[in-house]
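**Q** after the sequence you'll find the predicted model.
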Amino acid sequence: MSYSSKDFGRTKPLLGVELPDKLAHRDVEHNARDAQFSEERKHPVFVVDLPSKVLSMTIGGLAPQQSTNRHRHTYETIIYVLEGEGFTQIEDRQVPWKAGDAIYIPVWAWHQHTCTGAAACRYVACENAPMLQNLGVALREEG
């Protein structure tokens, strides 16, 4: 249901569970690659397809010595590195990372991820993009 300001007085005093049909996305890396999204970003990205209206999760990968496009967006990102090593350039700061590390990307900060090791990198990115998309204020800009 969609509400507007005239509905403020109809705010419910109690919560109820809205249990969606889909509660699991099986075998994400084999059933979720969005070819167009991956091509635009120039590295594989697997979008987790679950009905969250606030958070998103993707699994990304970089080949050895590969970098993402420089970009920024209006949503926050927390990245957990599963495999590999590299760094993320966030504005004028270079933040090194390796498997087991987590990094934070602030809102609207220019950033670019680079895999520096001899092995590929894999990471999980969690973002509040769906919330901002639902509010109509999610933006992404390539640098």
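**A** Cool, got the structure.
**Q** hmm, who's touching stretch 110-124?
**A** Residues from elsewhere that reach stretch 110-124 (CB atoms under 8 Å, 6 or more residues apart in numbering): 57-72, 79-91, 105, 143. Where you see a C-beta, it was placed from the backbone N, CA and C, and this is true even at glycine.
**Q** filter those residues to the buried ones?
**A** Among these, the ones that count as buried by 16 or more other CB atoms under 10 Å are 57-62, 66-68, 71-72, 79-81, 84-90, 105.
**Q** could you list which of the contacts of stretch 110-124 belong to strands?
**A** Among the contacts of stretch 110-124, the subset assigned to strands under DSSP state E consists of 57-62, 71-72, 79-83, 85-90, 105.
**Q** ok so residue 130 is a helix residue?
**A** Yes: counting by DSSP: H, G, I helix; E, B strand; the rest coil, residue 130 is located in a helix.
**Q** shouldn't it be in contact with residue 53?
**A** Yes: if you go by CB atoms under 8 Å, residue 130 and residue 53 touch, sitting 5.6 Å apart.
**Q** more neighbours: those two, which one.
**A** Per other CB atoms under 10 Å, whichever of residue 130 and residue 53 has more neighbours is residue 130, with 17 against 10.
**Q** residue ranges for the helices of the chain, please.
**A** According to DSSP state H, the chain carries its helices in the segments 28-31, 35-41, 129-135.
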